[in-house]
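Asks: Fold the following for me, if possible:
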Amino acid sequence: MIPLLLLLVSAFAVRQHDEEVDSRDGNTTQQPPPSLPSTTDGPEEWGILDWHGCEMHNNMTIVGIRSLCFKSNAVAHHCFSVLDVEDDKEQKAENNPAPLEGAEPGYADVDVNVTANWENKDLLMLDPWLHKWVPVRIRNVEAVSITLRYLKDYWMWYRVKRNTRFRTFKPKSIMLELLGDDECKRSTGAKFTLAKVHCVSSPLKLEGANMEYAKMISSAGNYKKPVQEHKRFVQAGKTLGAYWSWKEYKNPLPATVAGLKAWAVKYLHGYPAYKAMTHNCQQFDTGVYQAVAATPIKAERRQSTKMFKVFESMFSGSSQSSGTTGSFKICECYCKSSSGFNKKDVATRVCIYDWACKQRILFLNKNQFR
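Replies: Next up is the predicted model:
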């Protein structure tokens, strides 16, 4: 029985939980109570779309897709979609900065003394602890520190020292992944695990040796094993195909980052709850891969939904949290709530986190920051 369970666990898509994360100087900042009607304890199941890391690049065109996987712990694998992107012809003519020489990603360094250089822009930051360039967005520049958000998570703000380096970049790839965020409860008392689709841009084309960079920007934890290609690169079509289970999809969405956003919202309305054995990261990755490919592709989904569905309840209650992190309640929507239905005409909701959401931010006492 133990070997069988180990085999089953090793086939799971990873479940992700946002622990309370210390800021880089040993302190934390958190979101406020919701300014919009809460999604918590409603009759519907609901999911999260985290589009902070891709919103600035919605006009970019998808040119191709590959699938990558890495070990998230000793037994579980996490699989996700990598989409290569480029500007359209007009954008290329208007904004085509020359890349810096050498292996470092990005373009010119940013002078943070000029607000226009960083306000409402995705930038790369040279992480002072990891010594790697990672995508961030600056919220505020103060006398001795800078407040910012790492684009690998959707709700925690951080502070770094004023002399931290930043530079501009254009994405070469974007990464799209599905994770189980937290266990929440409907008004009926039934529990479910929030499904979260996370999109983030990469300054590197995530192929070959650059595939390891995916661990730097993924919301999922990672193990020591290297990132591996699960499905080979294929060219993208002009439009996005339907997810494999969709019955209605009469007007295909364009193969752009904005089109992918609308596609992901539709997916989450159909599957707002993360299911370890069925509606998981590998199923989602396969669906995205098939939807983007220019020609029909048979791509086997790793778990058989019928075979393993009987084991779903064994793991659905294994969330590491009650849905509350400090004063921040994961099971409440702090941004835009989208209403919809699944294929059984059951009402569902999606909480959309993007930069169009005017979120109020509360910080801890400034004296607590070093």
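Asks: remind me which residues of the protein are low pLDDT?
Replies: Counting by pLDDT under 70, the chain contains low-confidence residues at 1-43, 89-103, 299-330, 358-370.
Asks: Any idea what the most centrally placed residue in the chain is bridged to?
Replies: Nearest residue to the geometric centre of the chain (C-alpha atoms, centre = their mean): residue 198, 1.5 Å. Applying DSSP bridges to residue 198 gives these bridge partners: residue 50, residue 177.
Asks: those helices in the stretch 1-150 of the chain, which residues are they?
Replies: If DSSP state H, counting those that start in this stretch is used as the criterion, the helices of the stretch 1-150 of the chain fall at 2-10, 89-94.
Asks: Residue 246: neighbour count?
Replies: 14 (other C-beta atoms under 10 Å). Using the backbone N, CA and C atoms, a C-beta is placed for each residue, glycine as well.
Asks: in which helix or strand would I find residue 264?
Replies: helix 257-270 (DSSP states H and E).
Asks: after that helix comes which helix or strand?
Replies: Heading C-terminal from helix 257-270, the first helix or strand you meet, by DSSP H and E, is helix 281-292.
Asks: Tell me the gap between that following helix and the middle of its chain.
Replies: A distance of 14 Å separates the C-alpha centroid of helix 281-292 from that of its chain, computed with C-alpha atoms, centre = their mean, to the nearest Å.
Asks: Run the chain-centre distance for stretch 177-185.
Replies: Distance, stretch centre to chain centre, for stretch 177-185: 12 Å (C-alpha atoms, centre = their mean).
Asks: Going by neighbour count, which residues of it are buried?
Replies: Residues of stretch 177-185 classed as buried under the neighbour-count rule (16 or more other C-beta atoms under 10 Å) are 177-184.
Asks: same question, stretch 223-237
Replies: Buried residues in stretch 223-237, defined by neighbour count with 16+ other C-beta under 10 Å: 223, 227, 230-231, 234, 236-237.
Asks: Most widely separated two among those residues?
Replies: Across the buried residues of stretch 223-237, the two members that end up farthest from each other (C-beta to C-beta) are 223 and 237, 34.2 Å apart.
Asks: tell me the angle of the helix holding residue 264 relative to helix 281-292?
Replies: Using axes from the mean of the first three to the mean of the last three C-alpha atoms, to 10 degrees, the interaxial angle of helix 257-270 with respect to helix 281-292 works out to 130 degrees.
Asks: Nearest to residue 205 among the buried residues of stretch 177-185?
Replies: Relative to residue 205, the closest of the buried residues of stretch 177-185 is residue 177; by C-beta to C-beta it sits at 17.3 Å.
Asks: isn't that closest one right next to residue 281, touching?
Replies: Yes. Judged on C-beta atoms under 8 Å, residue 177 makes contact with residue 281 at a distance of 6.3 Å.
Asks: so what sits against both of those two?
Replies: Residues within reach of residue 177 and of residue 281 at once, by C-beta atoms under 8 Å, 6 or more residues apart in numbering, are 78, 80.
Asks: Now do residue 82: how many residues are near it, please.
Replies: By other C-beta under 10 Å, 28 other residues sit near residue 82.
Asks: who touches the closest residue to it other than its chain neighbours in this structure?
Replies: Taking C-beta to C-beta, 6 or more residues apart in numbering as the measure, residue 82 lies nearest to residue 206, with 4.5 Å between them; neighbours along the chain are not counted. Residue 206 is in contact with 66, 68, 82, 172-173, 175, 213-214, counting by C-beta under 8 Å, 6+ apart.
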